[in-house]
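Asker: fold the following.
(one chain, ligands or ions: 1)
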Amino acid sequence: MSRKKIIAGNWKMNMTPSQAVKLCEELKPLVANDDVDVVYCVPAIDIVPVVEAVKGTNVEVGAENMYFEEKGAYTGEISAEMLVDAGVKYVIIGHSERRDYFKECDCLLNKKVKKAFEAGLTPILCCGESLEQREMGITLDFIRLQIKSDLKDITADQVKNMVIAYEPIWAIGTGKTATSDQAQEVCKAIRDCIAEVYDTDTAEAVRIQYGGSMNAGNAAELLAKPDIDGGLVGGASLKADFGKIVNYNK
Ligand SMILES: O=C[C@H](O)COP(=O)(O)O
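Answerer: Numbers count the residues shown, from 1 in each chain. Prediction:
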């Protein structure tokens, strides 16, 4: 099966609303590539202006987080319904920074994944091992556990339409990219895990991204691997380099 590549920028806590609009204008001519899906996952306050700024282009907008409740007394949170109403199509769930700094656990993330689907959003579910886990040789076991817990009670049809991002924590923002073989090994293990829990059709359909210091220089090699269907790009998504990653195949 041929899966369309998906290149998503994760802006993290960068870009004020006015800077965000300026960045969209700068990137507009650089990210025009209909062969791939292009997504900007942006801070909550940037969502409305960015949705407006990318109107009429090939870019879709994603959120970096959401809460699983529909509405109510949850100070500071944003619901899936709010995101959908604002024009958001994707939502990152379970980024390692949320798991680590904000103590988001698998049980909470499972509720968020369910809610995202219920609201009509496409979740980009992140998983990845720490350096310590890699050195202990438990990377694949740990990631299988994460995937199984986060996808508890999620149906095969839902999994077919979601995105999973493999992000080794030791490669995030460090300039240390996983080698393309390391990234391929884990992305394949994730696909095998999906085949084991669901079936081969589902495993063949789900798109699996790599994230962790992806840049204009290493994207083509990573994206050439059979089980890597895209990138979740942090630092390099805030500059012209992002256009080169999106056009890795040109
Ligand atoms: O979500 C994106 C990842 O955390 C990767 O960030 P990075 O490209 O800055 O290493």
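
Asker: so what would you say the end-to-end distance of stretch 65-76 is?
Answerer: 12 Å (C-alpha to C-alpha, to the nearest Å).

Asker: return the set of buried residues in that stretch.
Answerer: When neighbours are counted by 16 or more other C-beta atoms under 10 Å, the buried residues of stretch 65-76 are found to be 65-68. All C-beta spots, glycine's among them, are computed from the backbone N, C-alpha and C.

Asker: ditto for stretch 119-137
Answerer: Neighbour-count burial for stretch 119-137 [16+ other C-beta under 10 Å]: 119, 121-130, 133-134.

Asker: from those, which two are the most distant?
Answerer: Taking C-beta to C-beta as the measure, the buried residues of stretch 119-137 span a maximum distance of 34.7 Å, between A119 and R134.

Asker: re the thing from before, any chance of the buried residues of stretch 119-137 in TSV, plus pLDDT?
Answerer: Shown next, in TSV, are the buried residues of stretch 119-137 (pLDDT from 0 to 100):
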residue	pLDDT
A119	98
L121	98
T122	98
P123	98
I124	98
L125	98
C126	98
C127	98
G128	97
E129	97
S130	95
Q133	96
R134	95
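
Asker: can you list those in TSV and add secondary structure and distance to the ligand?
Answerer: As requested, these are arranged in TSV below (DSSP: H, G, I helix; E, B strand; the rest coil; distance: C-beta to the nearest ligand atom, whole Å):
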residue	secondary structure	distance to the ligand
A119	helix	22
L121	coil	17
T122	strand	16
P123	strand	14
I124	strand	9
L125	strand	12
C126	strand	7
C127	strand	12
G128	coil	9
E129	coil	14
S130	coil	13
Q133	helix	17
R134	helix	16
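
Asker: quick check: residues of the protein near the ligand?
Answerer: 10, 95, 167, 172-173, 211-214, 232-236 (C-beta under 6 Å from any ligand atom).
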